[in-house]
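Colleague: when you get a sec, could you give me coordinates for this:
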Amino acid sequence: MTAAEPATGEPAVVVHYRLHADFAVPHPSLRRLLGTRSGLELDAAGLRVRFGPWLVETPLDNLAGAEVTGPFRAVRALGVRLSLADRGLTFGTTTERGVCLRFREPVPGIEPWGRIRHPALTVTVAEPELVAEAVDRIVAGS
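Modeller: Next comes the predicted model:
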């Protein structure tokens, strides 16, 4: 974190974030199906989560919080899933644990036209605690 002194005399804080989290992949064949670009990226430009051909993107100020979740039942955790109850989206590779990312404004993700919007995205990344902590720090600072 670096700080600069603006003309008003109050310190302006400029924060640079950069976090990459791979999906937790229990089987190597699944890694090939997802491709090399899949994973979660969090930086000053925003959040990007790619799961094979699916992509969810949002600016940092749209993040509302995160929490570690799981374990999950396989029928609800593996692959790309849309919750009919709340329109939440899941990008899942394991039943163990994941992180649920909540948004202030719902984001597109499951279909290419952006008509269906999701208030939350659950991703089964390798280190869900680290991702949840990073998101919660960003939310607390905004």
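Colleague: packing partners for the helix ranked longest in the chain?
Modeller: Of all the segments assigned as helix in the chain under DSSP state H, the longest by residue count is helix 128-141. For helix 128-141, the elements it packs on are strand 18-21, strand 39-43, strand 63-69, strand 98-108, judged by 3 or more Cβ pairs under 8 Å, 6 or more residues apart in numbering; DSSP states H and E. Bear in mind the C-beta positions are built from the backbone N, C-alpha and C, glycine included.
Colleague: what's the burial count for Phe91?
Modeller: 27 (other Cβ atoms under 10 Å).
Colleague: contacts only, for Thr95.
Modeller: With contacts defined as Cβ atoms under 8 Å, 6 or more residues apart in numbering, Thr95 is in contact with 70-74, 77-78.
Colleague: count of neighbours near Val135?
Modeller: The number of residues packed near Val135 is 25, by other Cβ under 10 Å.
Colleague: should've said Leu89
Modeller: One way to gauge burial is a neighbour count; for Leu89, by other Cβ under 10 Å, it gives 27.
Colleague: isn't it up against Gly98?
Modeller: No: checked against Cβ atoms under 8 Å, the pair Leu89 and Gly98 is beyond contact range at 11.8 Å.
Colleague: now do the shared contacts for the two.
Modeller: In terms of Cβ under 8 Å, 6+ apart, Leu89 and Gly98 are both contacted by the residues Thr122.
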